[in-house]
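A.B. asks: Provided below for reference: sequence and predicted model.
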Amino acid sequence: MDPRQEYIQNMTRRHFFGQTSLGLGTAALASLLPDPKPAAANVTTSQTGGRPDVPHFPPRAKRAIYLFMAGAPCQMDLFDYKPLMEKMFDKDLPESVRMGQRLTTMTSGQKRFPIAPSKFKFKQYGQSGAWISELLPYHAKMVDDICIIKTLHTEAINHDPAITYICTGHQLPGRPSLGAWLSYGLGSMNHNLPTFVVMTAKWSGRKQAQALYNRLWGSGFLPSKHAGVALRSQGDPVLFLSNPPGVDRTIRRRMLDTLARINERTFAEFANPETRSRIAQYEMAFRMQASVPELTDISGESKSTLEMYGPDVYKPGTFAASCLLARRMIERDVRFVQIFHRGWDQHGNVAGDLPKQCKDVDQPCWALIQDLKQRGLLDDTLVIWGGEFGRTIYCQGKLTRNNYGRDHHPRCFTIWMAGGGIKPGIVYGETDDFSYNIVENPVHIHDQNATILHCLGIDHRRLSVKFQGLDIRLTGVEDHGPVYDILA
Amino acid sequence: MTLTPTFRQLVGACATSLLLLGPSLTAQAEVDFNREVRPLLSDRCFKCHGPDEKHREGGFRLDQKESAFGTGDSGLPLIVPGKPEESELYVRISSSDPDVKMPPPDSGKTLTPEEIQTIRQWIAEGAKWEQHWAFVTPRRPRVPHVENSAWVRNPIDAFILARLEKEGLRPSPPADRVTLIRRVSLDLTGLPPTPEEVDAFVNDPRPDAYERLVDRLLNSPHYGEHMAHYWLDAARYGDTHGLHLDNYREMWAYRDWVIQAFNQNKPYDEFTIEQLAGDLLPNPTDDQLIATGFLRCHVTTNEGGSIVEEVYVRNVVDRVVTTATVFLGMTFDCSRCHDHKYDPFTMRDFYSTFAYFNSLDGSPMDGNRKDPPPVLKVLAPDQKATIAALRQRIDQTRKDIRTLLAGIRYVEPENPRPPKLAEPVDFVWIDDALPAGARPSGPWKFVSDPVHSGKKAHTQTAQQLDQHYFTGARKPLRIAEGDTLFAYVYLDPKNPPRQIMLQFNDGSWEHRAYWGENLIPWGQDGTPSRRRLGDLPEAGRWVRLDVPAQAVGLKPGSVLNGWAFTQFGGTVYWDTAGIRSQRDQNPTYDSFAQWLRDQQAANGAGLPEALRTLVAKDPAQRSEADNRRLLEYFLEYAYSGTRKQFAELHRRIEDAEKRIAAIEAQAATTLIFRERKDPKPAYILRRGEYDQRLEQVPRAVPAVLPPLPEGVPNNRLGWAKWLVSPEHPLTARVAVNRFWQQVFGIGIVKTAEDFGSQGEPPSHPRLLDWLAVEFRESGWNVKELMRLIVTSATYRQSSVVRPELLKRDPENRLLARGPRFRLDAEVLRDQALFVSGLLYDKLGGPSVKPPQPDGLWFAVGYSGSNTVRFKKDVGPDKVYRRTVYTFIKRTAPPPQLSTFDAPSREACMVRRERTNTPLQALLLLNDPQYFEAARAFAERVIREAGPDPERRIERMFRLALGRRPDVETLRDLLDLQQDLQAAYAANPGAARSTIAVGETPPDPNIPPVELASWTLVANTVLNMDELLNKN
């Protein structure tokens, strides 16, 4: 961080605590209780940290939720309806479609590339007339709330590079993640909770699932305070949040008061602003010990709200429970929430596993959008749903009418976006009859990330950091930009 | 316009902080090209008028003097020394016409009026041009003259003070001895001093007391441990592969090599050469091979579907980019896809360097194994001695065999009996050890209970699919008609598997038999490649599994060299495996002629390759020597008259081989670099893409740097020697800068990873050069360099921030005060363990897993990964070790490290950020290991200081900080202890819970209420800002 900014921040903190250690005591006393939480989004919270030049223009969204479907969902079984494929069952994918494109070595040795039409039924819904598969009945109900983009594309064809690419803008480890960029650029709106929170949800498809990596929410070369904080469903929700057994809140407060007094003396001796900053961090830690349990306690949620998310909402760690927590965080002005749901890598047994995966997420996604809408939060909260690439129309492994598998496909896949800054009720982009190539309005993953930044008031070209001699940014060096057609 | 100092300060405030401190605080000072002008040209102009030919506009480049002083396409002179108004460069940057103005408005780059003024002044002053400083070989500069020469202890101080005097600043007074010994102990060993060490130093009246202290610290074995953690960041050392499955990777021997290298004070040039090319040195030692692990530390993958060529290119690029960052301080990666936009490196330079590093003798894919070749077995000295003795015994026995053979006079019998066939008999191939020559999949886990035969059985516990196997047995198993393979198995009744499988390798693994469920997907079910032979055997006892060879597609004459024991879930023990053969594996003959006929009929199956060829030869073509060899083989292995004699000798050899194999199978391995026999060609890759080959390029060093020295080979070894050649402008500077950064928090060049024109210019360029030359001329002596730095007056200053310094120099670049900053992750944890007395002081060995919260690996891990579940180690020799030995799973590194800005080790990192967050506070307050350290610390002071609370607190302070507490702090802590004692007395159950945290039980001799209250006092002390910082 720029030392000057750090210094200015220290000055602000000093004001917060007052100029004397007496002032500190008062602040410490206040922190015994969690900050009164904002009941609704329109409560203004002050913003701290962040870059002075950001936002670059008035944002349409103040916060965002990214529902990440790790493993790559089958677009042609969910959103990208391809009726002509029915007649081409078990026919070879025409060479004119494949165009010699590189394949993963899992299927490049296959003698044939037989077409596997989706076995699932599709219907059109809503004003937009979007086609939705029978696997997503709740999505069918909300097509007019969301913008479906069928033409995402990427270059990576394997999970690790692809998911690292879409989450950090680079296929190799070492770069800051989307959330870290947002934290760095926009700063925090809540003094009691982390700026960027990550949840990893349970899944119901086959247990052997693709890995995630801490780097997907890491800070790369940015300071580690911008890294996503994992909110866990096991043990402490935030690492080391709980006091050790036998140490209650009063004892901790008593101990922290002594610690603060000693640290104030250290500050008096060395006059190093970092010492003041450390005192403030300990106070924030203490406040988090109250605000995080308050956040994860859903006992105050109404029955109708809970029912909206479905029965899984009562099981900690499920996608439904995570979505509800996401809404509670958004309410408390957490800047960015990302939920990773694994198990979407259907190389085989699409018929068995895909319905289970869909059941995990379908209703909670719908509930999240409705819940945000009802609370007036959807207007300035951006929601993104999607994976790291798509899947092939041709079958991997054994093909029957009732079951099949699909390999990785980088040339097109479907995501949806909703909320702050996004036109609702549209379907954007078109793929060919095979859901193989894009015929209209391609959207590169960098374009997607540029769009997300844009909604949050950031010009993706200007949010850059000098590292190893380069101006590094999330969206790379090539010419990419927001998809203006889908912006409200 | 004239510049007032205030105005220049504003300029600085808009640009980098360094400019604020630049030498040009006065308006009279001449503009310094390298410091003030080149960075502007680089940042705002080079993108279109720089080294990158493809994107060059206007036909000129501003990174090269000739072109910059030429005319470009326009024909107008760009820079006319002394005449800004006639210089097209100035005319364009100062224009207000958007069509003329540079940089163009749509470029997103602008020059501020002050920056334009700087360029104007530079032209007006004659436009003096210098090459970018970092590409000029450093010469030892004259040590500057200073007013206050009494302050100077060594030349470092003269350079620092000269600058301070120019800025009108005074250095700070020296730090007191207690502060100083803690500072230097932490800087050189990563551990604080003990109170006894503090007293010894404080009371040492000798004038060189401090120098003696520094000597002691430099000779401590903890010096190497501390120095290593910075180097391991740069080398991106980790304990897993880092990508996809992120399985275990075994290369801790490299980590230990780094520690040893620092402890032995290996000269930095050797340190460099051995890591980059140890394998190419003449007769490399094991240590020199282990050093090449530097080139293997990069992340690797074995993800299904990966394209091998793509992975190969990525691996090599990582090697090249890391090497360039660590040794050259250059951002070489830029020139992978296009010519560098700021520094004079072309794509050709990049791929010519690539050509030195691309010829690894091994697959780019890691096979998800801990030891993707090439690897070295890491043997302890006693193991090496045992193996050498066994090898000698084998050689001697072979000689005995030769002697014996030479003495036999064989006569063909007249009426030979037919060959004697044995009864069907079990031939055991695998028992307490693997067959001789077998290459195991990893260390096999042998146990002594339960056992079926011999002394040991081997076992495995799996979450899901797992196996252990070997290939390459030197004496293979021959399959004959009707043979049955067998193995004994014992399933753990408490944790039975869901499926077990045996696999046999006759060149392919497509011979599988299984029992139980059908979960292992290899081969095709119902065929010899996956044949079900029944339900799981009864658990809790040894059961013999029989596999008819035919059922798994092994035809008579097949020869097995490998065997795999595979399971899905559960705990399984295996023992006594081999073949039940209808025929003796080696029938006995009376007659050589008959034996030879039988061998010919069987095409020599089972004979060594060389003999098979001889058997196949037309008898008329066989030479005398050929016949002798066949006869000798016959005498040794088949002749009824002599076989017994030889069998004894063979057994001796086999026994020795098995013992060697057993030692080697248990030995750790480490990844090393070994060059292929025929180097791979290298190509320029369009946009850096693996499949877009352009021209082939030979090995060559970047054109802007000096050529390879005379007489070195044009390979990696030559490249490494080139790095440390005296003319090289970068290596020494980059190295000393990192050591400086380690001690002062910020390097003389702040961007330690980038010495190019986009990096920050050095704060003290002459000091950097002086140190670089001194370092090189000292014989690259790292300890001497560290000594020089920490014995300087600069280093010994008090770190109190005077108010004027906070304004003038918040980052402490001028060093008018001593360094003070938060300790690194490793030092924080080691310090807590050390002061509490928990630290288990042992050097080296396999990485350890101290406790961490449950589920961190499982939350992200691939289900089939062998690091998907974290299992903490037990025992003080594992959980209380120094943090440099902590196991790093790169996709989910330990929070005790990552929370404090330690990198994940997925990519090279030569400079850590230093943040201050609430998550750090939570960890230091509540992490069970830190909290246990607080309890142990409390127990320690209660034991050592007796019952008096004041003396306890005093002891605590002495142990933690070396100093005694001030009166107010003592009072505060006493009050705290009393309050807590009262609180816990009211709730003794809470006290018992508080002290129960940790790996070891609390001291039963201390009443729980008392111990709990003191634990919280210790927890307070261990969280003091003063303790978390180097002061």
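C.D. replies: In hand now; what should we look at?

A.B. asks: Any stretches of the stretch 351-500 of chain B with poor pLDDT?
C.D. replies: Scanning the stretch 351-500 of chain B for pLDDT under 70 picks out B:420-424.

A.B. asks: Quick one: the strands in it, in order.
C.D. replies: Using DSSP state E, counting those that start in this stretch, the strands of the stretch 351-500 of chain B run over residues B:375-378, B:425-430, B:439-440, B:445-447, B:457-471, B:477-478, B:484-491, B:499-505.

A.B. asks: To chain A, which of those strands lies closest?
C.D. replies: When the strands of the stretch 351-500 of chain B are compared by CB to the nearest CB, strand B:457-471 sits nearest chain A, at 7.3 Å. For the C-beta atoms, the positions are set from N, CA and C on the backbone; glycine is no exception.

A.B. asks: partners of the closest one in the sheet?
C.D. replies: strand B:439-440 (antiparallel), strand B:445-447 (antiparallel), strand B:562-581 (antiparallel) (DSSP bridges).

A.B. asks: quick one: it to chain centroid distance?
C.D. replies: Averaging C-alpha positions (CA atoms, centre = their mean, to the nearest Å) puts strand B:457-471 27 Å from its chain's average.

A.B. asks: and what of stretch B:181-194?
C.D. replies: Relative to its chain's centre, stretch B:181-194 lies at 25 Å (CA atoms, centre = their mean).

A.B. asks: who in the stretch 601-750 of chain B is up against chain A?
C.D. replies: Residues of the stretch 601-750 of chain B lying close to chain A by CB under 8 Å from any CB of the partner chain are B:Asp691.

A.B. asks: low pLDDT regions in the stretch 601-750 of chain B?
C.D. replies: For the stretch 601-750 of chain B, applying pLDDT under 70 flags the ranges B:605-606.

A.B. asks: Can you pull the phi and psi angles for the closest residue to chain B within the stretch 301-450 of chain A?
C.D. replies: The minimum distance from the stretch 301-450 of chain A to chain B, using CB to the nearest CB, falls at A:His408 (6.3 Å). Taking degrees, to the nearest 10, you get phi -70, psi 140 for the backbone angles of A:His408.

A.B. asks: repeat for the one 3 residues further on
C.D. replies: In terms of degrees, to the nearest 10, the main-chain angles of A:Arg411 are phi -80, psi -20.

A.B. asks: close enough to count as contact, it and A:Gln101?
C.D. replies: Yes: counting by CB atoms under 8 Å, A:Arg411 sits close enough to A:Gln101 to count as a contact (6.7 Å).

A.B. asks: Mind checking which of these two has more residues around it?
C.D. replies: When A:Arg411 and A:Gln101 are compared for neighbours, A:Arg411 comes out ahead with 23 against 12, by other CB atoms under 10 Å in any protein chain shown.

A.B. asks: that older thread, the residue of the stretch 301-450 of chain A closest to chain B reaches A:Ile157, doesn't it?
C.D. replies: Yes: using CB under 8 Å, A:His408 is in contact with A:Ile157, at 5.2 Å.

A.B. asks: shared neighbours, the two?
C.D. replies: Common contact partners of A:His408 and A:Ile157 (CB atoms under 8 Å, 6 or more residues apart in numbering or on different chains): A:Thr104, A:Phe389, B:Gly305.

A.B. asks: remind me which residues of the stretch 351-488 of chain A are low pLDDT?
C.D. replies: Looking along the stretch 351-488 of chain A with the criterion set at pLDDT under 70, you get A:469.

A.B. asks: residues contacting B:Leu465?
C.D. replies: So B:Leu465 contacts B:Leu519, B:Ile520, B:Thr566, B:Gln567, B:Phe568, B:Gly864 (CB under 8 Å, 6+ apart).

A.B. asks: ok, now with 10 Å
C.D. replies: Contacts for B:Leu465 (CB atoms under 10 Å, 6 or more residues apart in numbering or on different chains) come out as A:208, B:499, B:501, B:519-522, B:566-569, B:863-864.

A.B. asks: ok, now A:His56?
C.D. replies: A:Gly185, A:Leu453, A:His454, A:Leu456, A:Gly457, A:Ile458, A:Asp459, A:His460, A:Arg461, A:Arg462, A:Leu463.

A.B. asks: Mind checking which of these land in helices?
C.D. replies: Assigned to helices by DSSP state H, the following of the contacts of A:His56 qualify: A:Gly185, A:Leu453, A:His454.

A.B. asks: Is there a quick PyMOL command that grabs whichever of these are buried?
C.D. replies: Buried subset of these, written as a PyMOL selection, criterion 16 or more other CB atoms under 10 Å in any protein chain shown:
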select buried, chain A and resi 185+453+454
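
A.B. asks: Now do the strands in the stretch 1-150 of chain A.
C.D. replies: Listed in chain order, the strands of the stretch 1-150 of chain A (DSSP E, counting those that start in this stretch) span residues A:63-69, A:122-125, A:130-133, A:146-153.

A.B. asks: Would you mind telling me which of those is nearest chain B?
C.D. replies: Nearest of these to chain B, taken as CB to the nearest CB: strand A:63-69 at 12.5 Å.

A.B. asks: near chain B, anything from the closest one?
C.D. replies: No: contact of strand A:63-69 with chain B is not found when judged by CB under 10 Å from any CB of the partner chain; the minimum separation is 12.5 Å.

A.B. asks: residues of that strand that come out buried?
C.D. replies: By neighbour count on 16+ other CB under 10 Å, the buried set for strand A:63-69 is A:Arg63, A:Ala64, A:Ile65, A:Tyr66, A:Leu67, A:Phe68, A:Met69.

A.B. asks: What of stretch B:194-210?
C.D. replies: So, applying 16+ other CB under 10 Å, buried residues of stretch B:194-210: B:Pro195, B:Glu197, B:Val198, B:Ala200, B:Phe201, B:Ala209, B:Tyr210.

A.B. asks: Any chance of those residues in a markdown table with distance to chain A as columns?
C.D. replies: Shown next, in a markdown table, are those (distance: CB to the nearest CB, whole Å):
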| residue | distance to chain A |
| --- | --- |
| B:Pro195 | 20 |
| B:Glu197 | 23 |
| B:Val198 | 18 |
| B:Ala200 | 25 |
| B:Phe201 | 21 |
| B:Ala209 | 25 |
| B:Tyr210 | 22 |
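
A.B. asks: Going by distance to B:Leu533, which of those wins?
C.D. replies: Among these, B:Glu197 lies closest to B:Leu533 (CB to CB), at 68.1 Å.

A.B. asks: The closest one belongs to a strand?
C.D. replies: No: under DSSP: H, G, I helix; E, B strand; the rest coil, B:Glu197 falls outside any strand and is assigned helix.

A.B. asks: Could you report the neighbour count for the residue nearest to it when sequence neighbours are not counted?
C.D. replies: Leaving aside its chain neighbours, B:Glu197 sits nearest to B:Ile181 (6.8 Å; criterion: CB to CB, 6 or more residues apart in numbering or on different chains). For B:Ile181, the count of nearby residues is 24 (other CB under 10 Å).

A.B. asks: my guess is B:Ile181 contacts B:Arg212, does it?
C.D. replies: No: B:Ile181 is beyond contact range of B:Arg212, at 11.5 Å (criterion: CB atoms under 10 Å).

A.B. asks: which residues do the two both contact?
C.D. replies: Common contacts of B:Ile181 and B:Arg212 (CB under 10 Å, 6+ apart): B:Ala200, B:Phe201.

A.B. asks: sorry, back to before: by neighbour count, sort out the buried ones in the contacts of A:His56.
C.D. replies: Using 16+ other CB under 10 Å as the burial test, these include A:Gly185, A:Leu453, A:His454, A:Leu456, A:Gly457, A:Ile458, A:Asp459, A:His460, A:Arg461, A:Leu463 as buried.
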